[in-house]
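Enquirer: sequence and predicted structure, then a few things I'm wondering about:
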Amino acid sequence: MKKVLVLEDETSIRSFVVINLRRVGYEPIEAGTGMEALERLRENPDIGVALLDIMLPDIDGFEVCRRIRATNQKIGIIMLSARTQEMDKVTGLMTGADDYVTKPFSPAELTARVDALYRRLGDDDQESDTGEIIQGPFKLNTRNRTLEKNGQRIRLTQVEYSIMKMFMDNPGKALSREDILNTVWGRDYFGELKIVDVNIRRLRIKIEDDSTNPTYITTVWGFGYKWGM
Ligand code: CA
């Protein structure tokens, strides 16, 4: 069964999430503190997606996210943020989360997000066009799903890899934010376009020489982004 880590200290919310994940066929692994979550992950390396609450009794959800990403770029991470924590969405995505869900959320909304991330993990095995794409200083290896710039490995999350793959498959072509959202997150995803911008911002920090003056991923105003040398 597909395992999902549920880190949430409020037992009523945690139970609600667990029941709904179970209903659609996931195996929830529960944790009530940040340290407990990291322990559960060590015990269950096959967890594909983690749901992380932000306000916790010990270390906060962003710190948990940071620690997971220090060793695991592959796992899908969704932050569970409160409505008042608007800024936290950005902070969470900048620390390496793939997505966020704002409380209170519906079961359908939550499971759709988990499905989307799990589908991306599944795509790895089915990728047919394995090989290398080399453009300028960048080398994308579609077999290992890795990126190098001038021979130096750049560590990417699954979402960042998918965005890079889309760019390098379409050099010089302006891609709309809707196209990027549909390709990377899936057509039935019901998130916001803003998530594209936040992930691009994070990707620029990793791949641009100067992320405040990007030359590889350029903005096409009012439309989207373009990849080019
Ligand atoms: Ca909490």
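Expert: Yep, that arrived. Numbering: from 1, shown residues only.
Enquirer: so what's the residue nearest to residue 134 when sequence neighbours are not counted bridging to?
Expert: Closest residue to residue 134 apart from its sequence neighbours, by C-beta to C-beta, 6 or more residues apart in numbering: residue 140 at 7.8 Å. Every residue, glycine included, has its C-beta placed from N, CA and C. Partner residues in beta bridges with residue 140, using DSSP bridges, are residue 133, residue 147.
Enquirer: residue contacts, the residue positioned nearest the centre of the chain?
Expert: Residue closest to the average C-alpha location in the chain (C-alpha atoms, centre = their mean): residue 98, at 2.0 Å. By C-beta atoms under 8 Å, 6 or more residues apart in numbering, the contact list for residue 98 reads 76-78, 117, 157-159, 199.
Enquirer: which ones among the residues you listed are found in helices?
Expert: Cross-referencing the contacts of residue 98 against helices under DSSP state H gives 117, 158-159, 199.
Enquirer: what is the nearest of these to the ion?
Expert: Comparing the ones in helices among the contacts of residue 98 against the ion with C-beta to the ion places residue 117 closest, at 21.3 Å.
Enquirer: touching, the closest one and residue 97? I think so.
Expert: No. Using C-beta atoms under 8 Å, residue 117 is not in contact with residue 97, being 10.5 Å away.
Enquirer: of those two, which one has the most company?
Expert: Under the neighbour definition other C-beta atoms under 10 Å, residue 117 and residue 97 were set side by side, and residue 97 has more, 30 against 24.
Enquirer: does the more buried one touch residue 65 like I think?
Expert: Yes. Between residue 97 and residue 65 a contact is recorded at 5.4 Å, counting by C-beta under 8 Å.
Enquirer: quick one: common contacting residues for the two?
Expert: Common neighbours of residue 97 and residue 65 (criterion: C-beta under 8 Å, 6+ apart): 52, 77, 79.
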